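Trainee: Attaching a predicted model along with its sequence, questions to come.
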Amino acid sequence: MSEAKTKPSAESVMEFLHKLSEQKRTADCLVIVELMQKATKCKPVMWGSSIVGFGKYTYRYANGREGDWPVVGFSPRKNDLTLYIMPGFEKYDQLLQKLGKHKAGKSCLYLKTLADVDLKVLEKIISESVKAMAGKRVE
């Protein structure tokens, strides 16, 4: 069985964020760090080269393969801020309708900028997702 490529590292989250090419993107990321740290009570950790994660849980597939992943996290991708909301969005329809401009995948929330969304609603989505993952956390 292959080993997961994206793992926690000792790289500095703040160095990573301050190397981003746009100051506005760095500022948005620092706000997300605050929201996720408040929800998880965990310090940010680099996962691989571009994901900032908080907490840890172990996922298991039906075939027995398992690995670790952040309880919640984000990545400042080229086109979007990608937030990883691990329980997915099935229970968050009403919150997503109030959030503002976004796209959502199975467990990814894509934002162009925090100026496009209601931060209180985003904070609620993050905190609710962390609560939903409480039974799976391993840290």
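Mentor: Done, it's in.
Trainee: So for stretch 125-133, mean pLDDT?
Mentor: For stretch 125-133, mean pLDDT is 95.
Trainee: Just say helix, strand or coil for the residue nearest to the spatial centre of the chain.
Mentor: What sits nearest the mean C-alpha location of the chain, by Cα atoms, centre = their mean, is residue 73, with 2.1 Å. Of the three states, residue 73 takes strand according to DSSP: H, G, I helix; E, B strand; the rest coil.
Trainee: Test my guess that it contacts residue 56.
Mentor: No. Applying Cβ atoms under 8 Å, one finds residue 73 not in contact with residue 56, separated by 10.1 Å. Backbone N, C-alpha and C define where each C-beta goes, glycine included.
Trainee: Now do the longest helix anywhere in the chain: which elements does it pack against?
Mentor: Secondary structure of the chain per DSSP state H: the longest helix is helix 23-40. Helices and strands in packing contact with helix 23-40 are listed as helix 13-18, strand 51-54, strand 72-76, strand 81-85, helix 119-132; criterion 3 or more Cβ pairs under 8 Å, 6 or more residues apart in numbering; DSSP states H and E.
Trainee: picking that back up, next, the contact list for the residue nearest to the centre of the chain, please.
Mentor: 36, 47, 51, 52, 53, 54, 83, 84 (Cβ atoms under 8 Å, 6 or more residues apart in numbering).
Trainee: Thanks a lot, see you next time.
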